[in-house]
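Q: okay, structure incoming, though there's no sequence with it:
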């Protein structure tokens, strides 16, 4: 049962991906084509744009878990995967921050202030994930450097 936690994490990543994929394929198209969306249609379309870096980050997380499974957790490949996750988190945060003024406008027109709060939660969460990935990236890079130095010292 050495790989139990990694398998659980892999299942959680796949489950998140399936949920977002189901939203993108079934829920969002119905909302976008509805006449009741009004001012929220550009926001819903923007969710598709942010889904691209989200799925890239999930793919990188699965690759990172594969490296951990194959005892390559402290390698340049892991550093690269963490760097890609960091950039995806920053892109998601930036896209939502760029769209936040329109969210304010639409929420003000519809008198729905909770919509703006959801945007701030997503911006904060993706920024925290990017920061954590950056910290892990530097830690793994330091471990790779120490490992390389110890391999050269025979």
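A: Arrived safely, thanks for sending. Here the structure is a predicted model, which means the values were calculated and not measured.

Q: show me where the chain has its helices.
A: Ranges of helices in the chain, per DSSP state H, are 4-22, 28-33, 41-69, 76-110, 114-152.

Q: contacts for the first one, please.
A: Meaning helix 4-22. Residues outside helix 4-22 that contact it (C-beta atoms under 8 Å, 6 or more residues apart in numbering): 51, 54-55, 58, 61-62, 65, 68-69. Just so you know, the C-beta spots here come from the backbone N, C-alpha and C atoms, and that holds for glycine as well.

Q: now the angle between helix 41-69 and that helix, please.
A: For helix 4-22 against helix 41-69, the angle by axes from the mean of the first three to the mean of the last three C-alpha atoms, to 10 degrees is 160 degrees.

Q: which residues touch the nearest residue to residue 73 once chain neighbours are set aside?
A: Spatially, and ignoring its direct neighbours in sequence, residue 73 is nearest to residue 67 (5.9 Å; C-beta to C-beta, 6 or more residues apart in numbering). The contact partners of residue 67, by C-beta under 8 Å, 6+ apart, come to 73, 75, 77-78, 81.

Q: for residue 67, give its distance to residue 16.
A: From residue 67 across to residue 16, the span is 19 Å (C-beta to C-beta, to the nearest Å).

Q: re earlier: PyMOL command for the buried members of the contacts of helix 4-22?
A: To isolate the buried members of these in PyMOL, using 16 or more other C-beta atoms under 10 Å:
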select buried, resi 51+54+58+61+62+65+68
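
Q: let's have the contacts of helix 4-22 in a markdown table, adding distance to residue 22 and pLDDT.
A: Listed next are the contacts of helix 4-22 as a markdown table, based on distance: C-beta to C-beta, whole Å; pLDDT from 0 to 100:
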| residue | distance to residue 22 | pLDDT |
| --- | --- | --- |
| 51 | 12 | 94 |
| 54 | 14 | 96 |
| 55 | 13 | 97 |
| 58 | 14 | 96 |
| 61 | 19 | 96 |
| 62 | 18 | 96 |
| 65 | 22 | 94 |
| 68 | 27 | 91 |
| 69 | 27 | 91 |
